[in-house]
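Prediction below, plus the sequence it came from.
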Amino acid sequence: MTDPFATAIELAAAIRNKEASSLELTDMYIERVERYDDQTNAVVVHDFERGREAAKAADAALARGEAARPLHGVPMTVKEAFNVAGLPTTWGIPELRDNVASEDADYVRRLKGAGAVIFGKTNVPLNLGDFQSFNDIYGTTNNPWDLTRTPGGSSGGSSAALAAGFTALEAGSDIGGSIRNPAHYCGIYGHKPTWGIVSDEGHALPEQLAPADIAVVGPMARSAADLALSMDIVAGAGRTDRAGWQLNLPRPAKGALSDFRVAILPNHDRAPVAAEMADRVQQVGERLARLGATVSDSAFPDIDINRAFEAYLSLLWGVMAAGLSEEEKAGLRQARNAEAPADEVPASLVRFGVQEHSEWLRFDNRRFALRKAWQAFFQDWDILICPQVATAAFPHDHGEYLERRLVVDNESQNYFQQLFWSGIITVAHLPSTVFPTGPSKDGLPIGLQAVGAEFNDHTTIEFTRLMARELGGFAAPPDFP
């Protein structure tokens, strides 16, 4: 078993059955990184020798007759934003170039505890704040399907590494689609967990200890089954909370696609998507109906979508602007007294980047009202399918941050309007699994969101596993054999 595109579960079985050693597989991925990653620049922190030593230790443990763990000896990389003891954690910020972690993040500890061999870290945008992955420390990551295009962000190095066959599994994070949009752009699977069920301790900048509001950490993979295994490994209380609470996520109750009640939302005039994105949602819905599922294109929770997105933007900028310098905050306060930017999302940064706590509390309360509305909706429906962003992977654009535009079916949109499709899901703490549905007319991957009720993470993942039987699942890009 030396297939670089095999699933993590398949590779774990090959190691367990002595069909391949952990060292052989680790060397295979390292050799692929050395051969091909000059094109993609996905794996930007190399820890090859420690990875090889960990692989040898995994092989030796099996030789001694020790029981194999779920990911025993499986080689993988993780997003640069996670602390891995002895490696830099910079979030792409040049001033943190020399910040070396002294201990592993909770997520990394759980992966290692399950037997994973970590041999590198993957690229991110500056401060994890972009739909692209480039920074002044590590440079630009390219999409394996088209090197002139983004692999997404902020987990863009993660998605590119998986798609190119550089790693068996990945760990990402998401507040504005940072797991989901890279999964869509690169044709892989990505799961945004219910908020709070996977510890983000150690996915942080120095001295940042509190969990980030509405942000999550979660798995990225080439199969839905790998997502499910990863969630079983990483979900649960972190070090700070483990003495006080436990997690018992419900298991999937449906065994066939025909059992599901599925609502579809192909498009919305609040943030229009390209016709082929909306058409793909419609096509998936029609296919599900033919299979016997209950499908509706009108069912939706009883919420005001504009107020939902406004609440998301308040909470988002409450997190993202927290680390701004006093000079930057002074600039935002001055801008609040001037003419607001024409586009809503840049205007919301000015409005919410320095919001008063009492204003934040009003939107926090609205967040809980939205959660209740979605909970009521999911009493009647199992899954909502909707787009992730407006287009397939777009060409690199390193222009002025708040002035970028995205062309959607020949119409120009503000670049950050893409936050809509992630944000309305994120603000309500909902789990969302992005799954590949096949290529666009230009041969680029199209992924969609499968959204479920809070804590029904395994339901959304299982739904996408069943969908792979109909749609084919992951396909490797042609230029990375």
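On my side now, so go ahead.

From here on, just use CA atoms for contacts and neighbour counts.
Noted.

ok, the spatially most central residue of the chain - contacts?
Centroid-nearest residue in the chain: residue 179, 1.1 Å away (criterion: C-alpha atoms, centre = their mean). Residue 179 makes contact with 153, 154, 155, 172, 173, 190, 191, 192, 218, 220 under the criterion C-alpha atoms under 8 Å, 6 or more residues apart in numbering.

with the residues you listed in mind, which one is nearest to residue 260?
residue 191 (19.2 Å; C-alpha to C-alpha).

wait, doesn't that closest one sit right on residue 219?
Yes. At 5.8 Å, residue 191 and residue 219 qualify as touching, with contact defined as C-alpha atoms under 8 Å.

okay, the two: which has more neighbours?
residue 191 (35 against 27; other C-alpha atoms under 10 Å).

Show me what that one is bridged to.
residue 433 (DSSP bridges).

Show me where the stretch 1-150 of the chain has its helices.
8-16, 22-40, 48-63, 106-113 (DSSP state H, counting those that start in this stretch).

Check the stretch 151-300 of the chain too.
Under DSSP H, counting those that start in this stretch, the stretch 151-300 of the chain gives helices at 156-163, 180-186, 224-234, 275-290.

what does the one helix or strand residue 386 maps to contact?
Per DSSP states H and E, residue 386 falls inside strand 383-387. Surrounding strand 383-387, the residues in contact under the criterion C-alpha under 8 Å, 6+ apart are 260-267, 273, 277-278, 281, 421, 447-453, 460.

Strands - which of the residues you listed land there?
With strands taken from DSSP state E, the overlap with these comprises 261, 262, 263, 264, 447, 448, 449, 450, 451.

a markdown table for those residues, including distance to residue 145, pLDDT and neighbour count?
Formatted as a markdown table, those follow (distance: C-alpha to C-alpha, whole Å; pLDDT from 0 to 100; neighbours: other C-alpha atoms under 10 Å):
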| residue | distance to residue 145 | pLDDT | neighbour count |
| --- | --- | --- | --- |
| 261 | 33 | 98 | 19 |
| 262 | 30 | 99 | 25 |
| 263 | 30 | 99 | 24 |
| 264 | 28 | 98 | 23 |
| 447 | 14 | 98 | 33 |
| 448 | 18 | 99 | 28 |
| 449 | 20 | 99 | 30 |
| 450 | 23 | 99 | 26 |
| 451 | 26 | 99 | 28 |
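
okay, among these, which ones form the most distant pair?
261 and 447 (20.1 Å).

Neighbours of residue 321, how many?
By other C-alpha under 10 Å, neighbour count at residue 321 equals 18.

coming back round to it: with respect to residue 201, which of the helices of the stretch 1-150 of the chain lies nearest?
Judging the helices of the stretch 1-150 of the chain by C-alpha to C-alpha, what sits closest to residue 201 is helix 106-113, at 5.6 Å.

for that closest one, packing partners?
helix 224-234 (3 or more C-alpha pairs under 8 Å, 6 or more residues apart in numbering; DSSP states H and E).

Report the backbone C-alpha coordinates of the helix it packs on in PDB.
Extracted C-alpha coordinates of helix 224-234, given in PDB (Å, rounded to 0.1, in the frame of the first residue of the first chain):
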ATOM      1  CA  ALA A 224     -15.900  11.500   4.800                       C
ATOM      2  CA  ALA A 225     -15.000   8.400   6.700                       C
ATOM      3  CA  ASP A 226     -11.700  10.000   7.600                       C
ATOM      4  CA  LEU A 227     -13.600  13.100   8.900                       C
ATOM      5  CA  ALA A 228     -15.700  10.800  11.100                       C
ATOM      6  CA  LEU A 229     -12.600   9.000  12.600                       C
ATOM      7  CA  SER A 230     -10.900  12.400  13.100                       C
ATOM      8  CA  MET A 231     -13.900  13.700  15.000                       C
ATOM      9  CA  ASP A 232     -14.000  10.700  17.300                       C
ATOM     10  CA  ILE A 233     -10.300  11.400  18.100                       C
ATOM     11  CA  VAL A 234     -10.300  15.100  18.600                       C
END
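
sorry, back to before: I'd like the helices of the stretch 151-300 of the chain laid out as CSV, including distance to residue 389 and mean pLDDT.
Shown next, in CSV, are the helices of the stretch 151-300 of the chain (distance: least, C-alpha to C-alpha, whole Å; pLDDT from 0 to 100):
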stretch, distance to residue 389, mean pLDDT
helix 156-163, 15, 99
helix 180-186, 7, 98
helix 224-234, 20, 98
helix 275-290, 8, 98
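
In terms of pLDDT, where does residue 342 sit?
pLDDT, residue 342: 69.

Give me the buried positions along the helix or strand containing residue 364.
Assigned by DSSP H and E, residue 364 falls within helix 357-377. For helix 357-377, a neighbour-count test (16 or more other C-alpha atoms under 10 Å) marks 360, 363, 364, 366, 367, 370, 371, 373, 374, 375, 377 as buried.

Which neighbouring elements make contact with that helix?
helix 305-320.

Show me what the helix it packs on is in contact with.
129, 175-176, 212-214, 270, 345, 348-349, 352-355, 360, 363-364, 366-367, 370, 420, 423-424, 426-427.

Also stretch 276-287?
Counting by C-alpha under 8 Å, 6+ apart, 262, 264-267, 295, 385-387, 390-391, 437, 440, 446, 448 sit against stretch 276-287.

And the buried ones among the residues you listed, selectable in PyMOL?
Applying 16+ other C-alpha under 10 Å to the contacts of stretch 276-287 leaves a buried subset, and the PyMOL line that selects it is:
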select buried, resi 262+264+265+266+267+295+385+386+387+390+391+437+446+448
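
do you know how far the residue lying closest to residue 196 once chain neighbours are set aside is from residue 323?
Excluding the flanking residues, the one nearest residue 196 by C-alpha to C-alpha, 6 or more residues apart in numbering is residue 216, at 7.0 Å. For residue 216, the distance to residue 323 (C-alpha to C-alpha, to the nearest Å) stands at 18 Å.

So for these two, which sits in the more crowded spot?
A direct count of neighbours by other C-alpha under 10 Å for residue 216 and residue 323 places residue 216 higher, at 27 against 13.

In contact with the more buried one, which residues?
Residue 216 touches 173, 174, 175, 192, 193, 194, 195, 196, 198, 200, counting by C-alpha under 8 Å, 6+ apart.

do that again at 7 Å, thanks
173, 174, 175, 192, 193, 195, 200 (C-alpha atoms under 7 Å, 6 or more residues apart in numbering).

Residue 76 pairs with what?
residue 118.

My guess is it contacts residue 167. True?
Yes. Counting by C-alpha atoms under 7 Å, residue 76 does reach residue 167; the two are 4.9 Å apart.

out of the two, which sits in the busier spot?
Taking other C-alpha under 10 Å, residue 76 and residue 167 do not tie; residue 167 has more neighbours (35 against 25).

Look up how far residue 116 lies from that one.
With C-alpha to C-alpha as the criterion, residue 167 and residue 116 are 11 Å apart.
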